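>>> sharing a sequence plus its predicted fold:
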Amino acid sequence: MISSQPKPLWDSLAVYAHKRVLSLFALGFSSGLPLALVFGTLSFWLREAGIERATIGFLSWVALTYSFKFLWAPLVDRLPLPLLTALLGRRRSWLLLTQLLLMAALAAMAATDPQQDLSRLVLLALLVAFASATQDIVVDAFRIEAAPESMQAALAAAYQMGYRLAMIASGAGALAIAAWADPNPDGYHAAAWQTAYLAMAALMLIGLTATLMSREPQLPVAAQPKACDGWQDWLYQAFVAPFADFFQRYGKQALLILALIATYRLADIVMGVMANVFYVDMGYSKGEIAAIAKVFGVLMTLLGAAIGGALVYRFGTLKVLFLGGFLVAITNLLFAWLASVGHNLTLLTVAISIDNFSAGIATSAFIAYLSSLTNIAYSATQYALLSSMMLLFPKFVAGFSGVMVDSLGYVGFFVAVSIMGLPVLVLIAILAKHTKNDGSADTAQPEPPQS
């Protein structure tokens, strides 16, 4: 019989030494590396090369590829790759393919000068974005299938740590390499940026090594892809069955679950759009924000993610999901206080530290929750859909954040955003009640798999 007693704190933290957790750290790094290279870092390169701002703005749409990954997720979930699948397994074969494609595309970007052939660079950036989004699909499926629900928050936390560190490497790190390789900082030299992008291509070896050293997840027979009777049955199993399965399993609760997914990050995302604008309006310098928000804030997010993973492992998903949602909502009041005080570095540091720490806890719990909703028979497709859905409504509302600030002022805006996070807590409480009524115990934790 599985015990429902919380695990000792040491056991909760010891989960981070598990081989699966360490492999997800490396795969998270592999997932986080390409994003800045087709978005922020690329924009810096293009602007230094003399590309017009309007053109750079349009080219940022390349990153929208990540928002539509659910469209080809069924193919990734079901389609075997010649030779590779037989050699490495369903998930590792796709991981290896996407990582090799990413390395090749980044190296090709490094061999291109936007002043000479902008169209080629854009096409390569689109290829990087597509391969990166595909890699994300596979990594999410690998994580869900690799360990039981009790370990999902720890895997999510390790993934976040790797992802965030990779974004620092492909953001600040790539800029530093380009600056180091530039013989004359006052002018544009394509070779400096090409050196930086070659270095980023080499860093993909971290994820590739993790793929080769990891074991393919072993699924129960009932969860393995079923043999299909013709192409029509294959299309049904790939594109229709994953969505039908979700609604069949959750019934009336499905709409409640989808409402929670669509609103859980509402307060976080709406506030985030105006954060940098707020800092500028309060008179903080770029150096102050870079040190406090971009470095110290990231470290607090990583700490929160690690603590969140341990808490879920000890207390269960829904309890920590509620805690994370409450903390994210209430910490917006710290920024309302900061807005009323004005420029104050100490208070800014406190507000950003607590806010990012809370966001780390909430994100770990939320990823674990999304993972628990998926059927491992359709893990790639279902998780790609759920993770895309969690951004649609918040991103739409966030588009009105500037209008809200103009109407309410910063104090009123942050109070309003804090209130936005409260209905989510009601949804979690209702779902927790249904979970108990269904006879499932959220705190019951199966033992982790053997290394």
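That came through fine.

>>> alpha carbons only: can I get stretch 174-194 in CSV?
What follows is stretch 174-194, C-alpha atoms only, in CSV (Å, rounded to 0.1, in the frame of the first residue of the first chain):
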residue,chain,number,x,y,z
ALA,A,174,26.4,35.4,-26.7
LEU,A,175,26.8,39.2,-26.4
ALA,A,176,29.9,38.8,-24.3
ILE,A,177,31.4,36.4,-26.8
ALA,A,178,30.6,38.8,-29.7
ALA,A,179,32.1,41.7,-27.8
TRP,A,180,35.3,39.7,-27.0
ALA,A,181,35.7,38.6,-30.7
ASP,A,182,35.1,42.1,-32.1
PRO,A,183,38.4,43.8,-33.0
ASN,A,184,36.7,47.2,-33.1
PRO,A,185,33.7,47.8,-30.8
ASP,A,186,32.9,51.0,-32.7
GLY,A,187,32.0,49.3,-36.0
TYR,A,188,30.1,46.2,-37.2
HIS,A,189,32.1,43.0,-37.8
ALA,A,190,30.1,40.0,-38.9
ALA,A,191,32.9,37.6,-37.7
ALA,A,192,32.3,38.6,-34.1
TRP,A,193,28.7,37.5,-34.3
GLN,A,194,29.6,34.4,-36.3
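
>>> now it: average pLDDT?
What stretch 174-194 shows for mean pLDDT is 83.

>>> again with stretch 397-410
Confidence over stretch 397-410 (mean pLDDT, whole number) is 85.

>>> ok, now stretch 427-443?
On average, stretch 427-443 scores 67.

>>> likewise for stretch 260-280?
In the prediction, stretch 260-280 has an average pLDDT of 83.

>>> just stretch 147-160 next, same as before
77.

>>> so what touches it?
Contact with stretch 147-160 is made by 15-16, 18, 20-22, 24-25, 27-28, 31, 139, 143-144, 146, 301-302, 305-306, 308-313, 317, 320, 360, 363-365, 367-368, 371-372, 445-449, as judged by Cβ atoms under 8 Å, 6 or more residues apart in numbering. Every C-beta, even on glycine, is put in place using the N, C-alpha and C of the backbone.

>>> now whichever helix or strand residue 47 is part of: how far from the chain's centre is it?
Assigned by DSSP states H and E, residue 47 falls within helix 40-48. Centre-to-centre, helix 40-48 and its host chain are 23 Å apart (Cα atoms, centre = their mean, to the nearest Å).

>>> output the contacting helices and strands for the helix or strand just after it.
Sequence-wise, the next helix or strand downstream of helix 40-48 (DSSP H and E) is helix 53-59. Here helix 53-59 touches helix 40-48, helix 118-146, going by 3 or more Cβ pairs under 8 Å, 6 or more residues apart in numbering; DSSP states H and E.

>>> weakest of those by average pLDDT?
Least confident of the helices and strands packed on helix 53-59, judged by mean pLDDT, is helix 40-48 with a mean of 81.

>>> compute the number of surrounding residues for residue 111.
Neighbours of residue 111 under the rule other Cβ atoms under 10 Å: 13.

>>> list the residues that contact the residue nearest to it when sequence neighbours are not counted.
Among residues not flanking residue 111 along the chain, residue 194 sits closest, at 6.7 Å (Cβ to Cβ, 6 or more residues apart in numbering). Each residue near residue 194 by Cβ under 8 Å, 6+ apart is listed here: 110-111, 113.

>>> in the stretch 201-350 of the chain, where is pLDDT below threshold?
219-231, 234, 238-239, 273, 276, 285-287, 289-291, 293-295 (pLDDT under 70).
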